[in-house]
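*Asks:* the sequence and its predicted three-dimensional model are supplied below.
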Amino acid sequence: MDKYERLSDIIKLSTELNTVQDLDMLLEKILFNARTFTNADAGSIQIKDGDELVFSHVQTESLQRKLPPGQKLIYTTFKTKIDKSSLSGYAAVTGEILNIPDAYAIPEGVPYRFNPTNDGKSGYKTTSVLTVPLVNNRGEVLGVMQMINATGKNGAVKPFDPEDELYVLHFASSASMILQRAQMTRALILRMIGMAELRDPKETGSHVNRVAAYSTEIYEKWAITKKVPREEIDKNRDVLRMAAMLHDVGKVAISDVILKKPAKFTDEEFAIMKTHTYQGARLFMNKQSEFDEISSQVALTHHENWDGTGYPGRVNVDTGEPVEADSAGRPMPLKGEEIPLYGRIVAVADVFDALSSQRVYKESWKEEDVLKEMKIMSGKKFDPELVDVFFDSLDIIRSISSRYPDRG
């Protein structure tokens, strides 16, 4: 590939990335395409959080190929201090690119060193490393992108070419601007969540991030079994993740007397609480995009039950009145596949997280008890097919839980 073809690919890739809205989806795509562009076997994106870098996304192609189709590598989220002692820290502090031919043969006289701890744990051998700071248009470092083990045509590991630095720097500049935009989008959503959190302490940023991440993993696994095209899966994951974060945003319309009540609701209070479903859907009534459509759908239906015992049933979102009523005048329930797929998925993710999390009114359940309850509710509260997908995804769901811990 000549330099004009490579530049053309960078421009095309930047355009494609601009269509992605969710931050995590964006980081996955940036990392995958950066690895492809540099023929790197592995890589990570590390996002600045205060004086630390958080390894938010990690990929290793050679290890991934050893897994069954559809299964993902599980990585433990970890952090590193931003200082000059590590390769990533040095790039973040100085804003310089580091191109290391052999991580185990770094010459004396430089402040940084390679930490072999993760190699020892994983059995992976890091050799060539290209570390690039992600810098926004104000010169602020947003994080670091690190490519590991460039591979030649014969599959052997080789150093990253000096010419690669120029192309990757150009790519990182575009990625940084898009990353900044995605962070702003995520921040706006979290501000909306913050409004709900002021009203309902259960609705925390960590909770909604976990529910959203669980939901996208469940959807992806389900979609792969249904042979949904990869492009459609990625597009749907992007929208679902943001919509799932807003599943309970309608609680801003519920009285504090009810939201913060420490005791069990009366029938009248519970009836009011149930209105948060269509109150949330109402926020997206003026639909301008697929995001509005899916957000409305999730807010409205994530408390519907597979066996038809959920709520709110068939209601007019604008008025809350039944569109179809039973003999007692109550909204006719939705059940089974009448419940939209995304509502059924978020129901599984939301209940799992609620049972697993400590709240002011309850202790967290032991995992074995949570999983037992999820199985019991299969075919009752939950779509049994999605419960099976949930259990098939349990390892990645556990890793997501550690990525978004509750803040004390």
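*Replies:* Nice, thanks for sending it over. These numbers come from a predicted model, not from an experiment. Numbering: from 1, shown residues only.

*Asks:* let me see the ranges of the helices in the stretch 1-150 of the chain.
*Replies:* 3-17, 23-38, 61-64, 87-94, 117-122 (DSSP state H, counting those that start in this stretch).

*Asks:* and these, which one's lowest on average pLDDT?
*Replies:* With a mean of 62, helix 3-17 has the lowest mean pLDDT of the helices of the stretch 1-150 of the chain.

*Asks:* tell me how far the residue located most distally from the centre of the chain lies from Pro340.
*Replies:* Within the chain, Ser327 marks the point farthest from the mean C-alpha position, 43.3 Å out by Cα atoms, centre = their mean. According to Cβ to Cβ, to the nearest Å, Ser327 stands 26 Å off from Pro340. For glycine as for every other residue, the C-beta is placed from the backbone atoms N, C-alpha and C.

*Asks:* so Ser206 makes contact with Ser402?
*Replies:* No: taking contacts as Cβ atoms under 8 Å, Ser206 lies outside contact range of Ser402: 11.2 Å.

*Asks:* higher neighbour count, the two?
*Replies:* Remark: of Ser206 and Ser402, Ser206 carries more neighbours, 15 against 12, as counted by other Cβ atoms under 10 Å.

*Asks:* do you know how far the more buried one is from Met245?
*Replies:* Distance, Ser206 to Met245, by Cβ to Cβ: 11 Å.

*Asks:* do the same with Lys158
*Replies:* Going from Lys158 to Met245 by Cβ to Cβ gives 42 Å.

*Asks:* the two: which has the busier surroundings?
*Replies:* Of the pair Lys158 and Met245, Met245 is the one with more neighbours under other Cβ under 10 Å, namely 27 against 15.

*Asks:* give me the pLDDT for that one.
*Replies:* pLDDT, Met245: 90.

*Asks:* what of the one 5 residues further on?
*Replies:* Predicted confidence (pLDDT) at Gly250: the value is 89.

*Asks:* could you do the one 5 residues further on as well?
*Replies:* According to the prediction, Ser255 has pLDDT 84.

*Asks:* begin at 36 from here
*Replies:* New numbering, starting at 36: the last item is Ser290.

*Asks:* my guess is it contacts Ile307, does it?
*Replies:* Yes: if you go by Cβ under 8 Å, Ser290 and Ile307 touch, sitting 7.2 Å apart.

*Asks:* which one of these two has more residues nearby?
*Replies:* Ile307 (16 against 12).

*Asks:* for the more buried one, which non-adjacent residue is spatially closest?
*Replies:* Leaving aside its sequence neighbours, Ile307 sits nearest to Ile293 (Cβ to Cβ, 6 or more residues apart in numbering; 5.8 Å).

*Asks:* show me where pLDDT drops low in the stretch 186-335 of the chain?
*Replies:* Within the stretch 186-335 of the chain, the segments meeting pLDDT under 70 span 206, 210, 217, 221, 225, 227-240.

*Asks:* can you give me the strands for the protein?
*Replies:* 75-84, 87-95, 114-116, 133-135, 164-170, 176-186, 192-193 (DSSP state E).

*Asks:* so which elements touch the longest one?
*Replies:* When contacts are defined as 3 or more Cβ pairs under 8 Å, 6 or more residues apart in numbering; DSSP states H and E, strand 176-186 sits against helix 58-73, strand 75-84, strand 87-95, helix 122-129, strand 164-170, strand 192-193, helix 197-234.

*Asks:* the third one too?
*Replies:* Contacts of strand 114-116 with other secondary structure elements, assessed using 3+ Cβ pairs under 8 Å, 6+ apart, are made with strand 87-95, helix 122-129.

*Asks:* ok, the last one next?
*Replies:* The contact analysis (3+ Cβ pairs under 8 Å, 6+ apart) places strand 192-193 against strand 176-186.

*Asks:* just checking: what are the partner strands of the strand it packs on?
*Replies:* Taking DSSP bridges as the criterion, strand 176-186 forms sheet pairs with strand 75-84 (antiparallel), strand 164-170 (antiparallel), strand 192-193 (antiparallel).

*Asks:* got the angle between the second one and helix 58-73?
*Replies:* The directions of strand 164-170 and helix 58-73 differ by 140 degrees, with axes from the mean of the first three to the mean of the last three Cα atoms, to 10 degrees as the criterion.

*Asks:* distance between strand 164-170 and the chain's centre?
*Replies:* Centre-to-centre, strand 164-170 and its host chain are 23 Å apart (Cα atoms, centre = their mean, to the nearest Å).

*Asks:* what residues of stretch 366-383 count as buried?
*Replies:* For stretch 366-383, the neighbour count (16 or more other Cβ atoms under 10 Å) marks 366, 368-369, 374-383 as buried.
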